[in-house]
Every structure is written in C-alpha cells, then in structure tokens.
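From the sequence below, what's the structure:
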Amino acid sequence: MFKNKGFVYGLGIGLIAGAVMLQLMFKVDEMENRTIRQGGPVAVDQLQAEADKLNYKVVPKDQKTYSDKDIEAIRQKASEEERSKLAAQPVPQQVPPKTVSSVYITEQMNAYHVADMLLKANLIADSNGFVTALRDKKLTTRIRAGSYSFEGGASVDDIISRITIANP
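Numbering: from 1, shown residues only. Model (predicted):
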C-alpha cells in the first residue's frame with residue numbers, strides 16, 4: 001500500500017486534534033464574552049446577580065471604597081480622638097456614699113446609755129454634749145424604745161427629735 005503509512009496516520013491525527021482544539025478555543029471565547037455578545041449593555045440587576053455568584057460586590061464609580069487597612073486607620077484615628085476628648089474632660093468628683101447607722105434603744109436605757117451607743121455608732125462626737133442637749137430640752141426621760149436608722153452627718157437635734165417623744 002503506502003510507503004509512508006506512519007506519516008499519513010500522524011497527519012490525520014494532527015488534523016483531528018487541531019480541529020478539536022480550535023472548537024474548544026471558540027467555546028471558551030464564547031463563555032468568557034457571553035454577557036457582551038448577548039446584546040447591548042448589561043442591566044445593573046444582571047451584573048449584580050453575576051457578581052453575587054462570584055462573591056463580588058458591584059460599587060458605583062463615584063462611590064469611595066475603603067480597603068481593610070484604610071478602615072483600620074480610620075478606627076485608630078477615631079479612638080485617638082475619643083481618648084483625647086475624654087482626657088480633656090474634667091474628672092467628676094466622686095461623692096462618698098452616705099453611711100447609714102442603725103441603733104436599737106431598749107426601754108431600760110437611760111440618756112447616758114443612749115449617748116454611749118450613739119457615740120460607738122459614730123453618730124455623735126461627744127456623749128456628754130448629747131446628754132446636756134437632752135437635759136436642756138428636758139427630754140432625758142422622754143426617750144422612746146425602738147430601732148432607728150440615721151444617715152451619716154445627722155445633727156444632734158435631728159437625732160434628738162427622732163428618738164424622743166415631743167412635749168405635750
């Protein structure tokens with residue numbers, strides 16, 4: 001038959017392979033440019049749908065976009081400004097909490113016992129002055145039994161008015 005049988009086989013296989021490669025190239029080109037060839041301009045909705053498929057976001061040209069570094073720099077600048085504002089503000093004076101002291105006066109207590117108990121509760125500064133104030137107002141025998149709570153800084157007159165019975 002033919003002398004160059006291998007050459008003819010090689011030529012035939014080469015032509016077939018070339019035709020297949022050419023068809024693949026046309027198909028890839030068609031796939032890449034599919035949206036352009038479909039007809040005219042692409043609608044924003046179509047473009048957004050295609051971008052969503054590829055996990056992209058469509059951003060208008062006039063809108064400014066920020067990278068992660070830009071966002072971090074903006075956050076740091078804002079935090080520094082906030083720190084400087086806080087440093088410039090005066091620190092408010094903390095009001096010490098008012099202490100509440102409770103005492104229980106029994107029926108057997110006299111004015112001296114009550115004065116000692118109030119002195120131990122740090123409600124009065126001088127027990128003798130308290131007894132003297134009771135005696136001046138003639139209330140040493142008018143002390144009521146019961147439980148009483150006083151806020152720190154209560155005056156001697158406030159304490160006397162709460163623990164005694166007023167004169168008729």
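
out of everything not next to it in sequence, what's closest to residue 148?
Sequence neighbours aside, residue 103 is the residue nearest to residue 148 in space, at 5.5 Å (criterion: C-beta to C-beta, 6 or more residues apart in numbering). All C-beta atoms are positioned from the backbone trio N, CA, C, and that covers glycine.

so who does the one you found touch?
117, 118, 121, 123, 147, 148, 150 (C-beta atoms under 8 Å, 6 or more residues apart in numbering).

List the buried residues of the helix or strand hosting the first one.
Assigning secondary structure by DSSP states H and E places residue 117 in helix 111-120. Judged by neighbour count (16 or more other C-beta atoms under 10 Å), helix 111-120 contains these buried residues: 111, 114, 115, 117, 118.

for stretch 126-137, same thing?
For stretch 126-137, burial by neighbour count (16+ other C-beta under 10 Å) applies to 127, 130, 131, 133, 134.

Just the closest of those to residue 98, please.
The shortest approach to residue 98 among the buried residues of stretch 126-137 belongs to residue 130, at 20.9 Å (C-beta to C-beta).

Figure out the helix or strand that the closest one lives in.
Per DSSP H and E, residue 130 falls inside helix 127-136.
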